[in-house]
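Trainee: Any chance you could fold what I've pasted below:
(chains A and B)
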Amino acid sequence: MSQLTLNVNGQNHSVTVSDGSMPLLWVLRDLLGLTGTKYGCGIEVCGACSVLIDNQVEHACVFDVTSAVGKKIVTIEGLSPDRSHPAQQAWIEHQVPQCGYCQSGMLICAAGAMKAGHHGAAIASEIHNLCVCGTYPRIKQAVAKL
Amino acid sequence: MKTSSPLAPVPTQPLSRRDFLVRSAAGLTLSFLLPEFRGFTDLRAAPASGGPAVPINAWLTIGADESIALTIGSSEMGQGSFSGLAQILAEDLIVDYDRVITVQGGPTTAVPAPIGTAINTVGSGVTRSNFWRLRDAAAIAREMLVQAAMNALGDPTRANYVINNGVVTHVPSGSAQTYGQLAGAAAMLPVPVSAPLVPDSEFRLIGRTQLRKDIPAKVDGSARYGLDVRLPHMVYGVVRHCPTFGGTLAAMPAKPAGMIAVVPTRVVAGTNRGLEAVNNFNALVVVGPNTWDVWQASKRLSVKWNLPSNVASLNTTQFVNEAKALASVATPYVAGGANLPGTLYTVEGNATAANAAIYQGAAVVDATYTLPYVAHACMEVLNCTVDYVAGVKCDVYVPTQSAKSVLTLVLSLTGLSASQVKVYTTYLGGGLGRKSEVDFVSQAVQVGMAVGRPVKVMWPREEDFTHDQYRPMAVIHAKAGVKVDGSVTGWSYRNVSPSILGQRGAVLGAKGDSQGIEGAQALPYSLGARVTEWVSHTAPIPVGFWRSVGASLNTFGVESMIDELAAATLADPYQFRRNLLTDPRWIAVLDAAANLGGWNTPLPAGRARGIAIGTAFNSIVAEVVEISAATSTSLKVNRVSIALDCYLAVNPGQIESQLTGGVVHGLNAALYGKQTFVGGVAQSKNFNASRMIRMNEMPEVKVALIPNPAAADRTKPLGGVGELGVPTFAPALANAYYKLTGVRLRSLPLFPNATMGGL
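Mentor: Predicted coordinates:
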């Protein structure tokens, strides 16, 4: 058992894990109750678990929790308190989600690309996550003016 | 019933409200909570303002606080039907769409059932099945509210009242009352048998794109899917099946350190499919403090399984060879006979006549098409959360397309009474047909009963891929004769595939499995003498309903064959089809897709187009697929143009989304989708071995909807939407591939060995 402090969405959280190699995904979901970050594949293919760690998009399904200590973690819940992040607004305006399960990861990737200074189509080219519903065209429309 | 002005007099008949509720609710996919039902009498006495909501009828409640809630027992899996139903309701209730709140309903065992079997969300059916009944309900509620206003003002002339967004105004006096103010009095009135609907020409909402109500919660992480359920004191279970289908637990492993339990789970009656026989202990579930620790403990566990005796024969190669043999020789169905798998069912026509006619053609095309098993691969893996207290209650939280089936199952497994069981349908992270099954629910209930505390049970992605109930494999043998002028003299079509309904215990009649032959029978083409046959395949791998079901197999077979006939006569594939069609709706859809796809405009070198048309769930759909850059391992899909006639489109923007999604689903399957078996073990275990396209590979998709009728006829069926993008993609792709390369693609997927990285 080890006790760790994580900074998630601007707040410090103390968590106790039995296994320091537990991926951040399960710490967020099971221990902190932040279920907006999704499990899809567990092998870094689908991107549903994307989070920002020190402004970089990372796959939480394979990111050891101990490696996240001391870093700033942002999940979908932390993008804005009120759906006011420009990407969230664009997602609503363009009616992007269908089942919606992959969209947390999509939005995190868009937000990460924006933080890196990308705009419009360059944001879309930074998003490699899987969507089985086929929301890709609307994501492209949504990021076009970001 | 014809549509007429809402201002026309309303025929009323004094029926008890309960009669209305029961009769009208039967078969609806809309629900309400039973406590509201029981509390109905009490609520009549509710104060006119500030009190609780007053139920007007079974499907909607109009509150004294002006709230309008529609409670729906179907499931929301991205198809947007919650919002579509709210749109329909708001139209005939004459309120703004934004005012209607949609609430997830639950199943009930009340008799007579207020929901009935329509709770299941399958067959692209929610909007089309409920369109007219929901409109009737809204219109009746609206006229009861107006009647309440008439009674209050003492003027019974309906024409003196107008409605605007839930405000009833008496024109002569200018007196205005809101629905909320009228709701209490309206609830006391006799219920009219019917009420006039808003005329199509006055539609404000139906046929116009509206914003979906579930989308805001899907951009901030707050939408709760099954896997997101958290209950106080909840523990976590991770499922591990025998890797081999049909295998059973040989011995119980010891409980790993730090874990709460290891629970063996058996196949429950009603969830048995193929090799997975009733009462076989085919899986175990490790239970512990969090998903990760449990999953790791589960992986480390050494488990011994007994394998089925026929394990050596459970190979894809053997399944395909057996199917090919059955495509030539199979034992005809005998009424009253055993009709074991391997039986030939004649669905329509006569083989002798068709075969004679085929050889009157100038050319005879004989082709065999092969389709693989395909997994569903919903983005959200299978999961279910159960809170069971012995003798007291069982609450089930589950992403299901079949809440009613879940309820029945839980009652049976727990022995609890109906009032002790509650089923909560969460959002579904994709359903695609897989979440209409309840095998995963049965496991979670067994675990919940064993541990006696709230437990969330999850299938890791590898279990989801390897223990699916797959789209059936199929071998399709088609043969047809064609004359030089493009007329078809005879048509023989035989589909050999495992039976979805047969694996569910259905006794197949003379025409076999209706699911297996969807999309191949009653074709509107002029095909001369025809025979359509289906043969039940013996392969015991579990199969199930996969988005568009049989149409996804047969539209590939039929439309590839039609294309081969066009090629045999050197005809243009679009004109060849058009010349064989007489149904004006089919021709209109074919023309719409061809126009949208620029069929008659020249293409740059290295590009080619293919076309296909088909039908499913009462809709007609056609696609033009444009491709380029084909190599032995890849190709580029540049554009897809899709046209749909669903008779009446409710929310065009959402239909565009659904059709685009169907195209992607069909594309992933046609290019890459497959599950293969060696010794009864599924070989593709995760997305890395089951490739799907990413955003940079997405083709441009354009959608054309056949315009809505000027005045919809309620005797004509509305068509489905959710599954319609899928079936015509694969054949249109194969036909484009032939045009581009000269090679006829008769076996799917096109790139069976594709992978996509990952760990």
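
Trainee: Could you count how many residues lie near residue 103?
Mentor: The chain I'm using is chain A. A:Gln103 sits with 31 neighbouring residues when counted by other Cβ atoms under 10 Å in any protein chain shown. (C-beta placed from N, C-alpha, C; glycine too.)

Trainee: right idea, wrong chain: chain B
Mentor: For B:Val103, the number of neighbouring residues by other Cβ under 10 Å comes to 14.

Trainee: B:Glu76 versus that one, what's the distance?
Mentor: 11 Å (Cβ to Cβ, to the nearest Å).

Trainee: again with B:Val664
Mentor: Distance from B:Val664 to B:Glu76, by Cβ to Cβ: 19 Å.

Trainee: quick one: secondary structure of B:Ala702?
Mentor: Not Ala; residue B:702 is Lys. When the structure is reduced to helix, strand and coil (DSSP: H, G, I helix; E, B strand; the rest coil), B:Lys702 reads as strand.

Trainee: what pairs with it across the strands?
Mentor: The partner list for B:Lys702 in beta bridges (DSSP bridges) reads B:Ser641.

Trainee: Spatially nearest residue to the one residue in chain A that gets nearest to chain B (excluding sequence neighbours)?
Mentor: With Cβ to the nearest Cβ as the measure, the residue in chain A that lies nearest chain B is A:Gly36; the distance is 2.0 Å. Spatially, and ignoring its direct neighbours in sequence, A:Gly36 is nearest to B:Gly221 (2.0 Å; Cβ to Cβ, 6 or more residues apart in numbering or on different chains).

Trainee: pretty sure that neighbour is in contact with A:Gly105, am I right?
Mentor: No: B:Gly221 is beyond contact range of A:Gly105, at 10.5 Å (criterion: Cβ atoms under 8 Å).

Trainee: Looking at those two now, which is surrounded by more residues?
Mentor: Neighbour comparison, B:Gly221 and A:Gly105: the larger count goes to A:Gly105, with 28 against 23 (by other Cβ under 10 Å).

Trainee: Wait, B:Gln446 touches B:Val267, no?
Mentor: No: at 10.5 Å, B:Gln446 does not count as touching B:Val267 under the criterion of Cβ under 8 Å.

Trainee: excluding its backbone neighbours, what's nearest the residue of chain B positioned farthest from its centre?
Mentor: Residue distances from the centre of chain B (Cα atoms, centre = their mean) peak at B:Ser173, which lies 50.9 Å from the mean C-alpha position. Here the nearest residue to B:Ser173 in space, its sequence neighbours aside, is B:Leu153; by Cβ to Cβ, 6+ apart that works out to 7.0 Å.

Trainee: That neighbour and B:Phe281, how far apart?
Mentor: Remark: distance between B:Leu153 and B:Phe281 (Cβ to Cβ) = 70 Å.

Trainee: Now do the domain split for chain A, please.
Mentor: Listed by automatic domain parsing, the domain ranges of chain A are A:2-77, A:86-143.

Trainee: For the longest one, measure first residue to last.
Mentor: Spelled out, that is domain A:2-77. Domain A:2-77 has an end-to-end distance of 26 Å (criterion: Cα to Cα, to the nearest Å).

Trainee: Can you tell me the SS state at B:Ile163?
Mentor: For B:Ile163, the secondary structure call by three-state DSSP comes out as strand.

Trainee: who's in contact with B:Glu656?
Mentor: By Cβ atoms under 8 Å, 6 or more residues apart in numbering or on different chains, the residues touching B:Glu656 are B:Val703.

Trainee: To which secondary structure element is it assigned?
Mentor: Under the assignment given by DSSP states H and E, the secondary-structure element containing B:Glu656 is helix B:652-671.

Trainee: After that helix, which helix or strand is next? Please name it.
Mentor: Reading on from helix B:652-671 to the C-terminus, the next helix or strand found by DSSP H and E is strand B:677-678.

Trainee: by contact count, what packs against that next one?
Mentor: Using 3 or more Cβ pairs under 8 Å, 6 or more residues apart in numbering or on different chains; DSSP states H and E as the contact criterion, the secondary-structure elements in contact with strand B:677-678 are helix B:316-328.

Trainee: what's the model's confidence in the next helix-or-strand element following the helix it packs on, averaged?
Mentor: Per DSSP H and E, helix B:316-328 leads on to strand B:331-332 as the next helix or strand towards the C-terminus. Taken as a whole, strand B:331-332 has an average pLDDT of 96.

Trainee: Residues in contact with strand B:331-332: which ones?
Mentor: B:342-344, B:346.

Trainee: And the pLDDT at B:Ala588?
Mentor: Residue-level confidence at B:Ala588 comes out at 98, pLDDT.

Trainee: Just give me the neighbour total for the residue nearest to it when sequence neighbours are not counted.
Mentor: Take B:Ala588 and drop its neighbours on the chain: the residue closest to it by Cβ to Cβ, 6+ apart is B:Ile706, 6.0 Å away. Under the neighbour criterion other Cβ under 10 Å, B:Ile706 is assigned a count of 19.

Trainee: Next up, the contacts around B:Ile706.
Mentor: Counting by Cβ under 8 Å, 6+ apart, the residues that B:Ile706 touches are B:585, B:588-589, B:592, B:643-646.

Trainee: Same question for B:Thr532.
Mentor: B:346-349, B:493, B:517, B:520-521.

Trainee: try A:Asp30
Mentor: Taking Cβ under 8 Å, 6+ apart as the definition, contacts of A:Asp30 comprise B:236, B:290-292.

Trainee: got the end-to-end distance for stretch A:9-22?
Mentor: 20 Å.

Trainee: Buried residues of that stretch, list them for me.
Mentor: Burial within stretch A:9-22, assessed by neighbour count using 16 or more other Cβ atoms under 10 Å in any protein chain shown, is assigned to A:9, A:13, A:15, A:17, A:19, A:22.

Trainee: who touches the first one in this structure?
Mentor: What it means is A:Asn9. A:Asn9 is in contact with A:34, A:73-75, A:77-78, counting by Cβ under 8 Å, 6+ apart.

Trainee: pretty sure B:Ala571 contacts B:Val488?
Mentor: No: using Cβ under 8 Å, B:Ala571 and B:Val488 do not qualify as a contacting pair, with a distance of 11.4 Å.

Trainee: For chain B, which residues score under the pLDDT cut-off?
Mentor: For chain B, the stretches with pLDDT under 70 are B:1-59, B:108-120, B:122, B:124, B:758-759.

Trainee: Pick out the residue of the stretch 401-550 of chain B closest to chain A.
Mentor: With distances taken as Cβ to the nearest Cβ, the stretch 401-550 of chain B approaches chain A most closely at B:Gly429, which sits 3.0 Å away.
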